[in-house]
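Participant: Give the three-dimensional model of this entry:
(one chain, ligands or ions: 2)
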Amino acid sequence: MSFTIAIDGPAASGKGTLARRLAAHYGFRHLDTGLTYRAVAKAMLDAGLPLDDEAAAVEAARSFDISEMRRDVLAEHGIGEAASRIAVMPVVRRVLVERQREFSRTGAGTVLDGRDIGTVVCPDAPVKLFVTASPEVRARRRYHEILGNGGKAEEQAILADIIRRDDRDANRADSPMRPARDAHLLDTTEMTIEAAFRAAKTIVDAALEKNS
Ligand SMILES: Nc1ncnc2c1ncn2[C@@H]1O[C@H](COP(=O)(O)OP(=O)(O)OP(=O)(O)O)[C@@H](O)[C@H]1O
Ligand SMILES: Nc1ccn([C@@H]2O[C@H](COP(=O)(O)O)[C@@H](O)[C@H]2O)c(=O)n1
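Facilitator: Ligands and ions are numbered 1, 2, ... in the order given. Model prediction:
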């Protein structure tokens, strides 16, 4: 059986960075589940379809290749916003959650990050983290990331986007973003990436020890 590390948290909280570090450290496979919602959103946008076309979104959710998802192609802020609008549709979630669960069962260990991993996708995961940071710090980090990649951005606009997306994700009826009851909360507002990794590793090591 696969040992799954479930990581959730709001937009730009650092959950993907942490998930990638943990996966590399333990030799586990990683799935950024946000990319699955983004892949559906991009397919809809590229086809010029309205984002609330459920039948088309379900078809897109069934047909894209998970192994072909690329963060650099799907990272755009507008795609994140569209993904969050698509993510309110229960029928789309059902298809994607099944594909994410399938991934979580492969190999000796997996790391999945998203919004509902600890609560819905992998509720039996032996270790769950909920990563947060203040909205202002998250907006600043994302701003510097975009600039570092040669893009243009406005910090205040990013902050407004993040707040709007968090609100939609936390208040939708199906699978709202929230920490699982047994999740460890990790507030990285004042933490470096390295400090966040070390704190998470201590938690994961304890869970691995308990499972052995
Ligand atoms: N503890 C930290 N200290 C400083 N910068 C950080 C920290 N954690 C993450 N970052 C930076 O913040 C930005 C957002 O991190 P990341 O992409 O991992 O967030 P995310 O939660 O996966 O985002 P998304 O919601 O878009 O999936 C990245 O530029 C990353 O390098
Ligand atoms: N498990 C998940 C993961 C993501 N979403 C939705 O997708 C949007 C984009 O996610 P990013 O992590 O790439 O920013 C996000 O805002 C959520 O609406 C989800 O619902 N469940």
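
Participant: Point out the residues in the protein that sit beside ligand 2.
Facilitator: Applying CB under 6 Å from any ligand atom, one finds that the chain approaches ligand 2 through 11, 33-34, 37-38, 80, 83-84, 87, 114-117, 165, 169. The way it works is simple: take the backbone N, C-alpha and C, and place the C-beta from them, glycine included.

Participant: one more time with 5 Å, if that's ok
Facilitator: Residues of the chain found near ligand 2 (CB under 5 Å from any ligand atom) are Thr33, Gly34, Tyr37, Gly80, Ala83, Ser84, Ala87, Gly114, Arg115, Asp116, Arg165, Asp169.

Participant: would a markdown table of the residues you listed with pLDDT and secondary structure be doable?
Facilitator: Shown next, in a markdown table, are these (pLDDT from 0 to 100; DSSP: H, G, I helix; E, B strand; the rest coil):
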| residue | pLDDT | secondary structure |
| --- | --- | --- |
| Thr33 | 98 | helix |
| Gly34 | 98 | helix |
| Tyr37 | 98 | helix |
| Gly80 | 92 | helix |
| Ala83 | 97 | helix |
| Ser84 | 95 | helix |
| Ala87 | 97 | coil |
| Gly114 | 98 | strand |
| Arg115 | 98 | coil |
| Asp116 | 98 | coil |
| Arg165 | 94 | helix |
| Asp169 | 96 | helix |
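
Participant: quick one: which two of those residues are the most distant?
Facilitator: Gly80 and Asp116 (16.2 Å; CB to CB).

Participant: Looking at those two, which one has more neighbours?
Facilitator: Between Gly80 and Asp116, counting by other CB atoms under 10 Å, Asp116 is the more crowded of the two (23 against 20).
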